[in-house]
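K.L.:
The amino acid sequence is not available; the structure is as follows:
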């Protein structure tokens with residue numbers, strides 16, 4: 001993405017991962033991207049904003065996010081956080097630390113699925129954070145490197161066995177679909193190619209070789225969302241990408257992404273992304289650093 005800081009991480013070729021445990025008074029690092037995977041834990045920063053792709057959320061007392069999407073933009077910003085004793089633990093590791101030859105083994109099934117979801121960024125629930133808190137907070141102080149790696153492996157496995165909520169939309173993160181039935185993949189690909197056109201239930205049902213009623217039920221059971229919710233998310237993800245990657249005006253982006261009018265686009269964007277398209281673009285531009 002043009003204009004976003006590409007971070008050169010401190011990860012050494014001689015280390016399995018890089019970890020830093022720091023205390024800070026504020027968040028001041030801009031929106032950035034890097035090729036390395038990152039697990040980021042934040043404590044005592046209630047009210048701060050977490051930005052992962054086109055997902056912007058205010059965090060609570062604790063936050064734990066895994067980002068495994070190559071060059072997926074992300075940042076933590078001050079927001080309404082008033083704390084002057086923020087703790088942040090960041091673990092970065094190379095994508096090839098766990099090559100396909102390892103992840104394809106049965107023992108790594110849950111971890112493979114976690115990394116797939118983390119291409120969009122995933123955040124973990126408070127119960128999961130509490131269950132893994134001691135592992136996360138003691139990892140940096142472990143002096144025996146091999147024991148430290150085993151703890152890290154155990155931490156990843158524990159997280160992979162919990163539920164993680166996906167953050168950035170597929171269309172924004174520009175990732176493919178995977179781990180789903182062939183029928184759902186075919187339908188999602190069709191929507192991705194035609195999202196800016198009128199999409200009728202009957203036409204999509206025909207793509208899935210089902211009746212409209214059966215298709216609606218099948219789609220919701222398979223994705224956890226209604227068809228209309230999914231189509232809106234695809235449109236908004238593409239709109240968000242255009243807002244930060246290009247110079248087209250908001251009106252052009254509105255119609256290019258299949259919305260009928262700008263007021264409707266503004267309303268739906270704010271309902272789903274927490275801010276207007278104009279504010280979303282301004283937030284990214286404010287945090288850009290051209291390199």
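P.N.:
Right, received. Where do you want to start? All of these numbers come straight from a predicted model, not from anything done at the bench.
K.L.:
For residue 149, give me its contacts.
P.N.:
16, 17 (C-beta atoms under 8 Å, 6 or more residues apart in numbering). All C-beta atoms are positioned from the backbone trio N, CA, C, and that covers glycine.
K.L.:
Now do it, the pLDDT please.
P.N.:
Here, the pLDDT recorded for residue 149 equals 96.
K.L.:
so how far is residue 156 from it?
P.N.:
11 Å (C-beta to C-beta, to the nearest Å).
K.L.:
I'd say residue 113 and residue 160 touch.
P.N.:
Yes - applying C-beta atoms under 8 Å, one finds residue 113 in contact with residue 160, separated by 7.0 Å.
K.L.:
Please report phi then psi for residue 261.
P.N.:
phi -150, psi 160 (degrees, to the nearest 10).
K.L.:
Identify the residue nearest it in space, chain neighbours excluded?
P.N.:
residue 254 (7.3 Å; C-beta to C-beta, 6 or more residues apart in numbering).
K.L.:
So that neighbour is in contact with residue 263, correct?
P.N.:
No - Residue 254 is beyond contact range of residue 263, at 9.3 Å (criterion: C-beta under 8 Å).
K.L.:
Neighbour count for those two, which is higher?
P.N.:
residue 254 (23 against 10; other C-beta atoms under 10 Å).
K.L.:
Just the element for that one, please.
P.N.:
helix 250-256 (DSSP states H and E).
K.L.:
residues making contact with the next helix or strand after that helix?
P.N.:
Once the chain leaves helix 250-256, the next helix or strand it forms, by DSSP H and E, is helix 262-273. Here helix 262-273 makes contact (C-beta under 8 Å, 6+ apart) with 54-56, 232-233, 236, 239-240, 250-251, 253-254, 257, 259, 275-277, 280.
K.L.:
about what we covered before: of residue 113 and residue 160, who's got more company?
P.N.:
Shown here are residue 113 and residue 160; by other C-beta under 10 Å, residue 160 has more neighbours (19 against 15).
K.L.:
distance of that one from residue 39?
P.N.:
12 Å.
K.L.:
Now name the helix or strand holding the nearest residue to residue 80 once chain neighbours are set aside.
P.N.:
Counting by C-beta to C-beta, 6+ apart, residue 80 lies nearest to residue 47, which is 3.6 Å off, once chain neighbours are set aside. In this assignment (DSSP H and E), residue 47 forms part of neither any helix nor any strand.
K.L.:
Verify the stated contact: residue 47 with residue 81.
P.N.:
Yes - between residue 47 and residue 81 a contact is recorded at 4.2 Å, counting by C-beta under 8 Å.
K.L.:
quick one: which of those two has more around it?
P.N.:
Between residue 47 and residue 81, counted using other C-beta under 10 Å, residue 81 has the larger neighbour count: 21 against 14.
K.L.:
show me what contacts the more buried one?
P.N.:
26, 27, 45, 46, 47, 48.
K.L.:
so is it in a helix, a strand, or just coil?
P.N.:
Counting by DSSP: H, G, I helix; E, B strand; the rest coil, the backbone at residue 81 sits in coil.
K.L.:
Which of the contacts of residue 81 sits closest to residue 143?
P.N.:
residue 45 (27.7 Å; C-beta to C-beta).
K.L.:
Next up, the contacts around the closest one.
P.N.:
Contacts of residue 45 by C-beta under 8 Å, 6+ apart are 27, 59, 61, 63, 76, 81, 83, 86, 88.
K.L.:
again with residue 147
P.N.:
Contacts of residue 147 (C-beta under 8 Å, 6+ apart): none.
K.L.:
Does it belong to a helix, a strand or coil?
P.N.:
helix.
K.L.:
ok, now residue 236?
P.N.:
helix.
K.L.:
Please apply the same query to residue 278.
P.N.:
Note that with three-state DSSP, the state of residue 278 is helix.
K.L.:
if I read this right, it contacts residue 250, doesn't it?
P.N.:
Yes - counting by C-beta under 8 Å, residue 278 touches residue 250, with 6.3 Å between them.
K.L.:
Does residue 202 touch residue 212 like I think?
P.N.:
Yes - applying C-beta under 8 Å as the test, residue 202 and residue 212 come out as touching, 5.6 Å apart.
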